[in-house]
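>>> sharing a sequence plus its predicted fold:
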Amino acid sequence: MSNTATTLAAPKQASYVQSLLILGVLYFMLGFITWVNATLIPFLQLSCQLTIAEALLVTFASYLGYFFLAIPSSFIIKKTGFKNGMAYSLVIIAAGCLIFIPAANTRNFGLFLAGLFIQGMGMSLLQTASNPYVSIIGPIESAAKRISIMGICNKIAGTISPLILASIILKDAEGLEKQIAATTDAVVKSGLLDSLASRVILPYIVLAVILVGLAVAINRSSLPEIDTDNKSVDNEGKTVTDSRNSIFQYPYLLLGALCIFMYVGVEVMAGDVIGTYGRELGMSLDKTKYFTTFTLAAMLVGYVVGIIAIPKYLSQDMSLRICAILGILFTACAFMTSGYVAVTFIALLGLANSLMWPAIFPLAIEKLGSFTKLGSAFLIMGIVGGGILPQIFSRLYNPESFIYVQGMDFRHAFLYCMVPGYLYILYYALAGHKVGKR
């Protein structure tokens, strides 16, 4: 291949298109598992009787798993290869899903968090293997387009997962919420909550079975291995001589990891917290439980634009600049409005966020050569931002929190969490991705 972005072992067992199809299925499952968190937040808040800050530990536990297994993932993949690493990751996620069975039977929030943490570790391994694979399986200048295609698979799953799961576990949520609130008998109330918690068991058993089946299929597939350990190349596929011998000698990668932290933080705020935002505006759970779907639908539109425009009309860094500016504008509009108009602007943040991951990842791992796997792991560590930013948001306007700001309400808290994130992403698009790049 004359224009490939890195020295690849030529795909002998499977065609380029077949490889992308397999990866598309993986990204679909990754999106399904990731975005059900938006439904689990109100579900567990109700069934386990939690505060908003406690309920948002759902995202914290899930994304914390990314942080802890990211670096070990790079060494696991170095030993197992990309394909086996993907298969093992699916088994780990399935194990996390099965922990929901005892968690639901005992209505133990700690067990739910443990299951989410294990799922997060599995997704960390899957992302560490699949993201660089997608980036370097073809020309680096079109990596954003390939990642956008994967993003469409991911966000289609994310769009339908809240609809499917919410229709099962939050069916007649508003009526049930009122019934629980009106019940004074502790035994009856406990029975209602136990019945609600048990709704999550069957869906997660089905998910676990599908994940294990997919792991077996991946293991037996002809997905090719890729050699990333030999040379660094530039955007034209030319070999670059680089004497650096430490991952810390690539400042644009480290800045990229922080950029991923900010990006995933604002993405989760727009996707998982939109329902909480609607609830704070006084909207019913029967309505807000589907709000995440609107954010992900907006992201889908953005991914389609990315496939058409990148790299033919827009470079990866230019698309990142545009998205960061849109993020600031939509956040400001949400702050200055109320009701469904404000919720609409938060959903539109999905459009602003859509091309960020496809742009940041290839910009950050470009020319890493033998450090590609470890560099990918550093970027995956940044995903923990998706757990931390919602926690900061929930505590900024909670009078009982140690970081509470006097007079702060949820609208100001949302603004103060989002705008700095988008400003840093804009910096990375303008200059950060060039720092130390040869």
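Looks like it came in fine. Numbering: from 1, shown residues only.
>>> average pLDDT for stretch 50-62?
Across stretch 50-62, the average pLDDT comes to 93.
>>> first to last residue in that stretch, what's the distance?
17 Å (CA to CA, to the nearest Å).
>>> that stretch: how far from the chain's middle?
16 Å (CA atoms, centre = their mean, to the nearest Å).
>>> please list the outside residues in contact with it.
Contacts with stretch 50-62, where a contact means CB atoms under 8 Å, 6 or more residues apart in numbering, come from 34, 37, 40-42, 44-45, 109, 112-114, 116-117, 119-120, 123, 268, 272-273, 276, 386-388, 390-391, 393-395, 398, 401. From N, CA and C alone the C-beta is placed, and that goes for glycine too.
>>> could you do stretch 106-118 as well?
Counting contacts by CB under 8 Å, 6+ apart, the residues touching stretch 106-118 from outside are 37, 40, 44, 47-48, 50, 54, 57-58, 61-62, 64-65, 92-93, 95-100, 102-104, 193-194, 197.
>>> at 7 Å instead, please
44, 47-48, 50, 57-58, 61-62, 64-65, 92, 95-97, 99-100, 102-103, 193-194, 197 (CB atoms under 7 Å, 6 or more residues apart in numbering).
>>> list only buried entries from the residues you listed.
44, 47-48, 50, 57-58, 61-62, 64-65, 92, 95-97, 99-100, 103, 193, 197 (16 or more other CB atoms under 10 Å).
>>> can you report how many residues lie near the residue nearest to residue 403 when sequence neighbours are not counted?
Of all residues not flanking residue 403 in the chain, residue 395 sits nearest, at 5.1 Å (CB to CB, 6 or more residues apart in numbering). A count of nearby residues for residue 395, using other CB atoms under 10 Å, gives 19.
>>> let me know the pLDDT of residue 395.
At residue 395, pLDDT is 91.
>>> tell me which element it is part of?
Here residue 395 sits within helix 385-396, counting by DSSP states H and E.
>>> same for that helix, what does it pack against?
Secondary-structure packing of helix 385-396 (3 or more CB pairs under 7 Å, 6 or more residues apart in numbering; DSSP states H and E): helix 52-55, helix 57-80, helix 251-271, helix 410-430.
>>> ok, which of the ones you listed comes nearest residue 219?
Residue 219 lies closest, by CB to CB, to one member of these: helix 57-80, at 10.5 Å.
>>> mind listing what's buried along the closest one?
Using 16+ other CB under 10 Å as the test for burial, helix 57-80 gives 57-67, 69-71, 73-74, 76-77.
>>> any low-confidence regions in the stretch 301-438 of the chain?
The stretch 301-438 of the chain contains no residues with pLDDT under 70.
>>> and the helices in it?
For the stretch 301-438 of the chain, applying DSSP state H, counting those that start in this stretch gives helices covering 316-336, 339-353, 356-365, 372-381, 385-396, 410-430.
>>> please work out which of those is packed deepest.
helix 356-365 (a mean of 28; mean count of other CB atoms under 10 Å).
>>> tell me the pLDDT of the residue located most distally from the centre of the chain.
When distances to the mean C-alpha position of the chain are computed (CA atoms, centre = their mean), the maximum falls on residue 185, with 40.6 Å. In this prediction, residue 185 carries a pLDDT score of 87.
>>> re earlier: turn the helices of the stretch 301-438 of the chain into TSV, including distance to residue 133.
Putting the helices of the stretch 301-438 of the chain into TSV (distance: least, CB to CB, whole Å) gives the following:
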stretch	distance to residue 133
helix 316-336	18
helix 339-353	22
helix 356-365	11
helix 372-381	9
helix 385-396	22
helix 410-430	23
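>>> out of those, the one nearest residue 136 is which?
helix 372-381 (6.9 Å).
>>> which residues touch that closest one?
Here helix 372-381 has contacts from 66-67, 70-71, 73-74, 77-78, 124, 127-128, 131-132, 136, 228, 247, 250, 253, 256-257, 260, 361, 364-365, 368, using CB under 7 Å, 6+ apart.
>>> how does it look with 6 Å?
Contact partners of helix 372-381, identified using CB atoms under 6 Å, 6 or more residues apart in numbering, comprise 66-67, 70-71, 73-74, 77-78, 124, 127-128, 131-132, 228, 247, 253, 257, 260, 364-365, 368.
>>> related to what we said a few turns ago, how far off centre is the helix holding residue 395?
For helix 385-396, the separation from the chain centroid amounts to 15 Å (computed by CA atoms, centre = their mean).
>>> ramachandran angles for residue 291?
Note on residue 291: backbone dihedrals following degrees, to the nearest 10 are phi -60, psi -30.
>>> that one - how many residues pack around it?
Residue 291 has 23 neighbours, counted by other CB under 10 Å.
>>> I'd assumed residue 274 was in contact with it.
Yes. At 4.5 Å, residue 291 and residue 274 qualify as touching, with contact defined as CB atoms under 6 Å.
>>> right, so of the helices of the stretch 301-438 of the chain, which gets closest to residue 286?
helix 339-353 (14.6 Å).
>>> picking up where we left off before, taking helix 410-430 as reference, get the angle to the helix holding residue 395.
For helix 385-396 against helix 410-430, the angle by axes from the mean of the first three to the mean of the last three CA atoms, to 10 degrees is 150 degrees.
>>> what residues does helix 385-396 touch?
Counting by CB under 6 Å, 6+ apart, the neighbours of helix 385-396 from elsewhere in the structure are 52-53, 56, 59-60, 63-64, 261, 264-265, 268-269, 273, 401, 403, 405, 408, 413, 417.
>>> what's the helix or strand that residue 219 is a member of in contact with?
Assigned by DSSP H and E, residue 219 belongs to helix 201-220. Applying CB under 6 Å, 6+ apart, the contact partners of helix 201-220 are 86-87, 90-91, 93-94, 97-98, 100-101, 104, 168.
>>> of those, which belong to helices?
Taking DSSP state H as the definition of helices, the contacts of helix 201-220 contribute 86-87, 90-91, 93-94, 97-98, 100-101, 104, 168.
>>> low-confidence ranges, the stretch 1-150 of the chain, go.
Looking at the stretch 1-150 of the chain by pLDDT under 70, you get 1-15, 138, 140-142, 144.
>>> ok so, going back, mind checking which of the helices of the stretch 301-438 of the chain is nearest residue 150?
For these, proximity to residue 150 was assessed by CB to CB; helix 356-365 is nearest, at 8.3 Å.
>>> hang on, residue 384 packs against residue 63?
Yes. With contact defined as CB under 6 Å, residue 384 reaches residue 63; the gap is 5.0 Å.
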